[in-house]
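> fold the following and give me the result.
(3 chains)
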Amino acid sequence: MDMGGGGEVNNTKILDELFENCVGNTQIFDDREVLRHDYLPDKLPHRGEQIKSLGQTVAPVLKGARCSNIFLYGKTGTGKTAVTKYVLNYLETKAKEFNAPCKVCYVNCRFAGTPYRVFARLCQSLGVFVPFTGLSVGEVFDRFRTGLDGSRVVFIVVLDEVDLLMKTRGDSVLYELTRINEMLCNSKVSLVGISNDLRLKEFLDPRVLSSLSEEEIVFRPYDAGELRNILFERAQLAFREGVLSDGALSLCAALAAAEHGDARRALDLLRVAGEVAERKGVDVIVEEHVREAERRIEHNRVTEALRNATLHSKLVILTLFHLSKAGVRRAITGQIYELYNELCGELGVTPLTQRRVSTLVNELDAIGLLNARVVSMGRYGRTKKIRLEVTRTLVRKVFGDDNRIGCLVKYASKCLSKRTRDGS
DNA sequence: CGTCCACAGGAATGACGGGCGG
DNA sequence: CCGCCCGTCATTCCTGTGGACG
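Numbering: from 1, shown residues only, chains lettered A, B, ... in the order given. Model (predicted):
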């Protein structure tokens, strides 16, 4: 009782301090929302050309005509989504002004990752009710079509990150949408496809390709100077005056430019650097804070990825952890599968097949937790060489908290050392 | 120059928990 | 309640392959 009461007082004190710091400590930020990537600024520096092209393409909509389908290519953080939203938002307000019946539906294929969900999303934007599961894809598509035809509009469908949908589900959605106009009497559909992958064309059915790529816009990565300008514009709104040092600004731009010219990355760096400075209680953001931000972002990313991995993915990581501890820098598939099996046995979990583990390895490679590359060892077959890309300390720390497999962090080293003795 | 290792990775299929309309 | 379809994860079966070795 007494202990509880004492703790409470202490906790309140801690929280008070924390909250007051947060409220009182406004010498860094004016409005940090401006630095989030879903924020749409009213100026988009260095994208005038793209805005113009997209505007030209969609302009016929204001006369009630269907506009050409258009495809936007470019790496992440090159402003594709921002330009699209910017132009289409404006188009919608203009359409209202001119009484042109037009509607825009924005679908992010990362979140609507299946044909069903894409069509369901389109239905929803038309006010047509569909359950989130239970119907056949064809049924949802039909509802969308009839709903659309009834509403007598030019309907612009934006499919963002459409490459993700293509790679896992093929081009059936795009195929249906490019052909839908043949079945409509009162409405028309135009497509805006946005892809992060410049090679997407290679995966497309030629019929889809020709109708989809009536127009194309390529978004080049920003260079360091352009990123600097973008950051500068945002920093004006985000930070109080004089908070951001010139050096910190340039460093954010330079780091992001070195990666892909990714503006999102640059903004993240700037925001986190601001938070670092805020927490330190200083009132100027300097280069060191940006460096710290870089480390922190990476650390968070990896920790989250490790923590959120599925049981078997964790076991694969753990296998690599033990192999690397035993001095195996680059393990091959066979080695991994063998030890993985053993770990599963120890946990009382039925192991997955080697085929499945192989795709898990590929997935982990894609996230960057490990590095896998196929090599041929000639006579001795063809395999993947796999290396852990995370420090063992971090693995130990994150998995140590996981009560399910935490025990294995220590255990397996025994059976591994036994095996290496037997082997040699 | 062919063989053959040790897998890679595609395709088809199945199991499962969930939700629908009738 | 049934029969059907959904998406997800996993299995099974399969064909493909780079290059050291003989």
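
> which bits of the stretch 251-400 of chain A sit near DNA strand B?
Residues of the stretch 251-400 of chain A that fall close to DNA strand B, judged by CB under 7 Å from any atom of the strand: A:332-335, A:354-355, A:358, A:361-362, A:374, A:377-384. For every residue, glycine as well, the C-beta is placed using N, CA and C.

> now the buried members of those.
A:332-333, A:335, A:358, A:361, A:383-384 (16 or more other CB atoms under 10 Å).

> among those residues, which ones are in helices?
Members of these lying in helices (criterion: DSSP state H): A:333, A:335, A:358, A:361.

> how about stretch A:312-328, does it reach DNA strand C?
Yes. Applying CB under 7 Å from any atom of the strand, one finds stretch A:312-328 in contact with DNA strand C at residue A:312.

> what mean pLDDT would you report for that stretch?
On average, the pLDDT along stretch A:312-328 is 91.

> what comes up buried for it?
A:312-325, A:328.

> any idea how far the closest residue to DNA strand B within chain A is from residue A:372?
Closest residue of chain A to DNA strand B, CB to the nearest atom of the strand: residue A:381 (1.8 Å). Here the distance between residue A:381 and residue A:372 works out to 16 Å (CB to CB, to the nearest Å).

> what's the neighbour count on residue A:352?
By the criterion of other CB atoms under 10 Å, residue A:352 has 18 neighbours.

> in contact with the most centrally placed residue in chain A, which residues?
Centroid-nearest residue in chain A: residue A:110, 7.9 Å away (criterion: CA atoms, centre = their mean). Going by CB atoms under 8 Å, 6 or more residues apart in numbering, residue A:110 touches A:160-161, A:164.

> quick one, which of the residues you listed are buried?
By 16+ other CB under 10 Å, the contacts of residue A:110 give A:160-161, A:164 as buried.

> mind pulling up the pLDDT for residue A:3?
45.

> mean confidence (pLDDT) on stretch A:120-135, please.
On average, stretch A:120-135 scores 77.

> now it, how far from the chain's geometric center?
Remark: stretch A:120-135 is offset 25 Å from the chain centroid, using CA atoms, centre = their mean, to the nearest Å.

> and if you look at stretch A:193-201?
15 Å.

> where's the dip in pLDDT among the contacts of residue A:110?
residue A:164 (77).

> so who does the residue lying closest to that one once chain neighbours are set aside touch?
The shortest distance from residue A:164 to any non-neighbouring residue, by CB to CB, 6 or more residues apart in numbering, is to residue A:109 (5.2 Å). Applying CB under 8 Å, 6+ apart to residue A:109 gives the contacts A:118, A:159-162, A:164-165.

> just the ones in strands from the residues you listed, please.
A:159-160 (DSSP state E).

> all strands for the stretch 151-300 of chain A, in order.
A:154-160, A:188-195, A:215-219 (DSSP state E, counting those that start in this stretch).

> make JSON lines from these and add distance to residue A:172 to it.
Shown next, in JSON lines, are those (distance: least, CB to CB, whole Å):
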{"stretch": "strand A:154-160", "distance to residue A:172": "13"}
{"stretch": "strand A:188-195", "distance to residue A:172": "14"}
{"stretch": "strand A:215-219", "distance to residue A:172": "22"}
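
> so can I have JSON lines of the ones you listed showing distance to DNA strand B?
Formatted as JSON lines, the strands of the stretch 151-300 of chain A follow (distance: least, CB to the nearest atom of the strand, whole Å):
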{"stretch": "strand A:154-160", "distance to DNA strand B": "22"}
{"stretch": "strand A:188-195", "distance to DNA strand B": "19"}
{"stretch": "strand A:215-219", "distance to DNA strand B": "26"}
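
> re earlier: now the buried ones among the contacts of residue A:110 in JSON lines, with distance to residue A:405?
Conversion of the buried ones among the contacts of residue A:110 to JSON lines gives the following (distance: CB to CB, whole Å):
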{"residue": "A:160", "distance to residue A:405": "36"}
{"residue": "A:161", "distance to residue A:405": "33"}
{"residue": "A:164", "distance to residue A:405": "30"}
